[in-house]
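Trainee: Structure for the following, please:
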Amino acid sequence: MKALLVAFALLASGCSSIIEGTSQTLAFDSNPTGADCSLTRNETVIASVKTPGGVLIKKTKHDIHVLCKKDGYQDATAFLHSDAAGATFGNIILGGGIGWAIDSASGADNKYNEHTTVTLVPIVATGGGAAAGTTVSASGTTEERLQRLKALLDSAAITQAEYDKRRADILAGI
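Mentor: Sure, this is the predicted structure:
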């Protein structure tokens, strides 16, 4: 009986490795599309992807920092936390410490969010005042200028009072 239990534990060991695997494909989108994103783990770049796109990464217990860049836009970041994979808990119950140790060493007991979307805020012409660097560019249609202004407000780059004044200035120029 004891030999049967040992055999079962060895067969069940590495369950996450079999079910979840040691790598994972991550999908990335951005608003607007066409951003170049780099994935960094432990201060080392592990992959790059252009949005929309996907990248295959090796899973580990370490979190991933995502930095997306696009000309004309402020850099945007995302954080991918390394969570426990679903098969990990079953593996601990069925396979015990041996199975968990195998999966932990290989990274199979971890997973990341499969899909990440980042929003990039337009860079605008430099201006003076309390919110230097947040003046809405005079280029584009009135609607585009108002959208860029709203993005600044939504990202907390300007206050509501600054938004109201600049919106009035844009509308006065129609």
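Trainee: Which secondary structure elements does the longest strand belonging to the chain sit against?
Mentor: Counting residues, the longest strand found in the chain (DSSP state E) is strand 23-31. Using 3 or more C-beta pairs under 8 Å, 6 or more residues apart in numbering; DSSP states H and E, the elements in contact with strand 23-31 are strand 36-41, strand 53-58, strand 64-69, strand 115-119. Just so you know, the C-beta spots here come from the backbone N, C-alpha and C atoms, and that holds for glycine as well.
Trainee: do you know which of those strands lies nearest Tyr163?
Mentor: Across those, Tyr163 has its closest neighbour in strand 115-119 (17.6 Å, C-beta to C-beta).
Trainee: If you average the pLDDT over the helix or strand where Arg166 lies, what comes out?
Mentor: Using DSSP states H and E, Arg166 falls within helix 160-172. Taken as a whole, helix 160-172 has a mean pLDDT of 86.
Trainee: From the contact counts, what lies against that helix?
Mentor: helix 142-154.
Trainee: on that earlier part again, buried stuff in the helix holding Arg166?
Mentor: Glu162, Tyr163, Arg166, Arg167, Ile170 (16 or more other C-beta atoms under 10 Å).
Trainee: SS state for His62?
Mentor: coil (DSSP: H, G, I helix; E, B strand; the rest coil).
Trainee: Looking at it now. What's its pLDDT?
Mentor: Looking at His62, the pLDDT reads 90.
Trainee: Please apply the same query to Asn110.
Mentor: Note on Asn110: pLDDT of 84.
Trainee: Contacts only, for Tyr163.
Mentor: Tyr163 is in contact with Leu149, Lys150, Leu152, Leu153, counting by C-beta atoms under 8 Å, 6 or more residues apart in numbering.
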